[in-house]
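S.K.: below: sequence and its predicted model.
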Amino acid sequence: MNSSQVKTFSGSSLYYWLPPLLWMAAIFYFSTDTFSGDRTGSFFWRIISFVSPGVTEEQFEAIHFYLRKAAHFTEYALLALLLFRAFRAGAITRWRWNWALGSWLILVLYALADEYHQTFTRHRVGSIYDSLTDIAGGVSALLALWLVRRRRGN
């Protein structure tokens, strides 16, 4: 690519919208049976029991539960930031509420659709509580971004 092609690509919608779309595809994959609780449990059990050989089954279940919820929170926090970046699309202005609202709306719809998708898998279940965790992750990221922008004077 020469410099004019790079400028054209970086100014295109694809440059801004491809990352959130790819991340949404990754989230869709994470919602398959490949990442069911049973599968991630056996993976994390090997790591945690190696790090802490005395961990009990009950302790591990709690750790595994919180690791999975943290993953939900984090993957949707990242999605919110990628969506905000896509809406911003290189604008000089650092913050607009309509960008945050658009990011939030897509995030909410995707979180609900993601949990609905899980009802069609064999080893997963859809949970409104997971959707709420997803949405909380996205809202937290947008609020943190707003606070940073506010401190820096937009």
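M.R.: Sure thing, it's come through. In this text the structure is predicted, and so the values were computed from the model without any measurement. Numbers count the residues shown, from 1 in each chain.

S.K.: chain neighbours aside, what residue packs nearest to Ile63?
M.R.: Ranked by Cβ to Cβ, 6 or more residues apart in numbering and with sequence neighbours excluded, the top spatial neighbour of Ile63 is Ile48, at 6.1 Å. To be clear about C-beta, it is placed using only N, CA and C from the backbone, and glycine gets the same treatment.

S.K.: can you show me the helices along the chain?
M.R.: Along the chain, the segments classed as helices by DSSP state H run 3-10, 13-30, 37-51, 57-88, 97-118, 128-151.

S.K.: buried set for the fifth one?
M.R.: To tie it back to what came earlier, the one meant is helix 97-118. For helix 97-118, burial by neighbour count (16 or more other Cβ atoms under 10 Å) applies to 99-100, 103-104, 106-108, 110-111, 114-115, 117-118.

S.K.: between those residues, which is closest to Val139?
M.R.: Trp104 (6.9 Å; Cβ to Cβ).

S.K.: so where is this structure shaky, pLDDT-wise?
M.R.: Low-confidence segments of the chain, defined by pLDDT under 70: 1-11, 154.

S.K.: let's see 50
M.R.: Within the chain, the segments meeting pLDDT under 50 span 4, 6.

S.K.: on that earlier part again, out of the buried residues of helix 97-118, who's nearest Phe35?
M.R.: Gln118 (10.1 Å).

S.K.: and the nearest residue to His117 once chain neighbours are set aside, its phi and psi?
M.R.: Once flanking residues are discounted, His117 sits nearest to Ser31: 5.5 Å by Cβ to Cβ, 6+ apart. Main-chain torsions, Ser31, degrees, to the nearest 10: phi -90, psi 10.

S.K.: dump the residue contacts of Ser31.
M.R.: By Cβ atoms under 8 Å, 6 or more residues apart in numbering, the contact list for Ser31 reads 114, 117-118, 121, 124.

S.K.: good, we can wrap up now.
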